[in-house]
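Peer 1: Got a predicted structure here, sequence first:
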Amino acid sequence: MLLFYVLFLLPIVAAVSALLYVPFAIRTRRRLGNKGALYHLARFALVGCVLSLVYLTLLWYFPDITFHPAHHFLNLRPFIWVTQCYDMGFRRMIRQLLLNIAMFIPLGFLLPVTAEKARKGWVTVSIVLLSTLAIETLQFFLGRSADIDDVIMNTLGGVIGYGVFRLANRAFRGQAWWEQMLG
């Protein structure tokens, strides 16, 4: 799955991100003057991150998406995976949980890099939490599962990403390249 994403889908995500980001970059240049390449790279990466999340969480099973599924799966019991591994088995369940965490680490990092307001931890965590709640709600109506454990793991990933931002900000504060990226 990861290899397929990197080899085939990442170039498509990068191209779509560029198409979406270029008008913003042009408008930003007119309004704020010429920003450095790292400033634009961080924002371009955020667009790519959001597009990747949408694809991986909502569109991955594209041909099978239906707004009238025959079966809805909803789990509202937190940490049910501790006692039940569903039908996928323990190893696959652990992999799924780790991927749910890893998938949101970039968002938790890139939000405070690209938006000054998101440098307050509660703002970043709120955005990540609302994003994952929206994704899980849409998954339920698209015939996929909606799971509170996914919400918890996605939010944990966003918190880890924010923690990485805080560590990086502490380590690189005052360095020209870091300040340029933050805008």
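Peer 2: Received the coordinates, thanks.
Peer 1: the bottom helix or strand of this structure by mean pLDDT?
Peer 2: Counting by mean pLDDT, DSSP states H and E, the chain has its least confident helix or strand at helix 2-4, which shows a mean of 71.
Peer 1: hmm, who's touching the helix or strand that that helix is followed by?
Peer 2: Downstream of helix 2-4, the next assigned helix or strand under DSSP states H and E is helix 10-32. Here helix 10-32 makes contact (Cβ atoms under 8 Å, 6 or more residues apart in numbering) with 35, 40, 43-44, 47-48, 51-52, 55. (Glycine included, C-beta is placed from N, CA and C.)
Peer 1: And helix 10-32, what's buried?
Peer 2: Neighbour-count burial for helix 10-32, counted by 16 or more other Cβ atoms under 10 Å, picks out 13-14, 17, 21, 28.
Peer 1: from these, which single one is nearest residue 143?
Peer 2: Using Cβ to Cβ, residue 13 is the member of the buried residues of helix 10-32 that lies nearest residue 143, at 23.7 Å.
Peer 1: For this protein, which segments are assigned as helices?
Peer 2: Ranges of helices in the chain, per DSSP state H, are 2-4, 10-32, 37-54, 90-114, 121-141, 148-172, 176-182.
Peer 1: which regions of this protein lie under the pLDDT threshold?
Peer 2: Scanning the chain for pLDDT under 70 picks out the ranges 1-2, 61-71, 81-88.
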